[in-house]
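# With the sequence up front, the predicted model follows.
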Amino acid sequence: MFKEDQLKKVVQEKEKWAEDLSKILCETPERLPRFTTVSDLEIKGLYTPEDIKDIDYSRDIGFPGVYPFIRGVQPSMYRGRLWTMRMFSGLGGPEETNKRFQYLLDHGETGLSIAFHYPTLMGYDSDSPNARGEIGKCGVAIDTLKDMEILFQGIPLNQVTTSMTINPPASILLAMYIVVAEKQGVGQKDIGGTIQNDMLKEFIAQKTFMLPPKPSLRIIVDTIEYCTKEVPRWNTISISGYHIREAGATAVQELAFTLADGIAYVEAAIERGLNVDDFAPRLSFFFDSHIDFFEEIAKFRAARTIWAKIMRERFMAKNPRSWMLRFHTQTAGCSLTAQQPYNNVVRTAYEALAAVLGGTQSLHTNSLDETYAIPTEEAAGIALRTQQILAEETGVGHTIDPLAGSYFVEALTRQIEELAWEYIRKIDEMGGMVAAIERGYPQAEIAEAAYKYQKQIDSGEKVIVGVNKYATEHPPITIWRMKPEIEERQLRRLREVKQTRNNQKVKELLNQIRIASKNGENLMPHLIDAAREYATIQEICDVWREVFGRYTDPGYF
Amino acid sequence: MKLRDCEGVMTPQRKIRILIAKPGLDGHDRGAKVIARGFRDAGFEVIYTGLHQTPEQIVAAAIQEDVDAIGLSSLAGAHDYLFPKVIELLKEKGADDIIVFGGGIVPEEDMPALTQAGVKAIFTPGTPIEEAVKWVRENIKPEK
């Protein structure tokens, strides 16, 4: 990218600069012995053309919307359309969450995202003994279609897209969503959204698992197969790095493990007999945006180029849309502090900025009080405004991939890319992600990284403002509380649904699911039928637990 | 307590044994694992239950493993039910000499009820490992 004699001059001048600097440093040393990212990558004091001397603009940086997409997957990016402001929400029962959805939509969010309570996440109903104490606490209680109908009251599913953070029962929630739309007169071809549906990262990080890996994958491929034909606007999976990062992984690990999961899903779908170009365009991704600003931007850019190369060169996809890594981002929950919670507004803002400079398609911003509880309306409102100020006032979306060409950012992008490829190769050598998970490899890497990071904080090597530096008192804040009446209402509703539905029909449909589970038939049509008749999530999941067995936590630490 | 055997040789004190447990459906195990490791590095004997334990399972494990204390981790809001439930079951089984402490996302306003129920300490976000280790050393004596 630079003429050889120009480069030589730069190298010479840099040597002189470094020499002069070393004299100054004798008197006034640098503030820290090492300057490292949150993930412990060492950062130099200065980057120059020398650091990117081998980069060819057309080959290695290129253009937005063009392979390998470092500059973005869409040709016009935010000039054409802003990222979707999609706030992850769920609290209490469907009534409360519907109210929160309305609030956020009224305040300008442009996509919905559902947080379910733990029983739903784990395939249990609110009346299960396992649900004691958990109802409505960290997401919305959903047991049957009835709850989903209330959840979407007044929300036209042909006008809004919905992302559902749900994994073992993802197919069931999708089935329920399809029926809610059907009852609104909206067909499967017209609904849009995403189910997270990414079980591999459950075993690695988020830990809402239910069935062992193989049957989990089978159900995922069923949804991919079904949606490819019947629900073309649906993102069948949100291959996630967020949870991997939140569990303690470094940026490189987050990137590598996520893409390695992606490889496993593509392989599984191809094994089913699906054509890669038919399903790949509807795979989507989900990354964390942590507090180390440039590391995150470099990570997002590296993600796009690695995936593009995997899809085109490894899987021989021909459709350019198969090569595109489209992603949602959430600002890092684990970077927020309980101490001095208003500082979290600032952290979230910086993290949101990084995500936008990294070219995200969709963004959730955390609320200041999430280290205490589900966000209050007010806190969620501030988080949404954070995105809107970013979009409307800062001008960062006026030009595409503004940091391209930065010696630092391009060098860091490549460094992260190379380190991620090393991990991907290692996992390939183990036989792929499923094999790696079975031997506990990503889990061990994450536990190691988490422990190391905690030691760095405890020693003061890594500073967390308000926690290990500038730790002053702060006044208490008002937080959201779950109410016992909500729990009572949920249990009452569940009882009523079970009494008033056609129980014989439900029994038959559950048996159909049992049969299809055993004989390998695509489960989706059966799930839609069962959802329509108000089968509960647990009733269906119990069938699966019976047929496929359960996965239990190996408890590594 | 140091024991002298028949030759009058001192044997070292038994190590503090702690069960780190994840009650309920909560899958957030980063903190529990970090604490478990930190405790192990500090010289305690640590047993980690893994995820998705019922209070009954935790109490059974604690008794079986003959631990001095249980550390309960909860980040999903169910601490108000689960922590007191563990203590109640320990009492039922006559094992309430086992000290119970906790950690995770526990709002300030929930702490009095937990203390009332018998939870001896709660380590919230930002607690350095060493602080928890120090508390254990000062408050948990290994069983004779």
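Thanks, I have the structure now.
# what stretches of chain B score poorly on pLDDT?
Scanning chain B for pLDDT under 70 picks out B:1-12, B:144.
# and it, which residues reach chain A?
Chain B comes close to chain A at residues B:20, B:24-30, B:32-34, B:36-38, B:48-52, B:54, B:76-78, B:80-82, B:85, B:105, B:107-109, B:124-126, B:128-130, as judged by Cβ under 8 Å from any Cβ of the partner chain. Using the backbone N, CA and C atoms, a C-beta is placed for each residue, glycine as well.
# so how far is the helix or strand harbouring A:Glu496 from its chain's centroid?
Using DSSP states H and E, A:Glu496 maps to helix A:484-500. Computed by Cα atoms, centre = their mean, to the nearest Å, the chain-centroid distance of helix A:484-500 equals 32 Å.
# Are there helices or strands packed against the following helix or strand past that helix, and which ones?
As assigned by DSSP H and E, the chain's next helix or strand after helix A:484-500 is helix A:503-519. The contact analysis (3 or more Cβ pairs under 8 Å, 6 or more residues apart in numbering or on different chains; DSSP states H and E) places helix A:503-519 against helix A:524-532, helix A:537-548.
# Deepest in the core, which of these is it.
Stretch with highest mean neighbour count among those: helix A:524-532 (a mean of 22; mean count of other Cβ atoms under 10 Å in any protein chain shown).
# can you list the residues that contact that one?
Contacts to helix A:524-532, defined as Cβ atoms under 8 Å, 6 or more residues apart in numbering or on different chains, come from residues A:145, A:171-172, A:174-176, A:178-179, A:182, A:222-223, A:226-227, A:230, A:506, A:509-510, A:512-513, A:516, A:540.
# average pLDDT for stretch A:430-449?
The pLDDT scores in stretch A:430-449 average 97.
# and that stretch with chain B, contact?
Yes. Using Cβ under 8 Å from any Cβ, stretch A:430-449 reaches chain B at A:Ala447.
# Could I get the buried residue list for that stretch?
Along stretch A:430-449, these residues count as buried under the neighbour rule (16 or more other Cβ atoms under 10 Å in any protein chain shown): A:430, A:432-434, A:436-437, A:441-443, A:445-447, A:449.
# what does stretch B:74-89 give?
Those buried within stretch B:74-89 under the rule 16+ other Cβ under 10 Å are B:74-87, B:89.
# Out of these, list just those in strands.
Mapping the buried residues of stretch B:74-89 onto strands (DSSP state E) picks out B:Ser74.
# ok, so of the buried residues of stretch B:74-89, who is nearest A:Glu295?
Closest approach to A:Glu295 among the buried residues of stretch B:74-89 (Cβ to Cβ): B:Leu75, at 25.4 Å.
# show me what contacts that closest one?
B:Asp26, B:His28, B:Gly31, B:Gly104, B:Ile105.
# quick one on the thing from earlier: list the buried residues for the helix holding A:Glu496?
Within helix A:484-500, the residues that count as buried by 16+ other Cβ under 10 Å are A:Ile486, A:Glu487, A:Arg489, A:Gln490, A:Leu491, A:Arg493, A:Leu494, A:Val497, A:Lys498.
# what's the spacing between A:Ala391 and A:Ala352?
As judged by Cβ to Cβ, to the nearest Å, A:Ala391 and A:Ala352 stand 10 Å apart.
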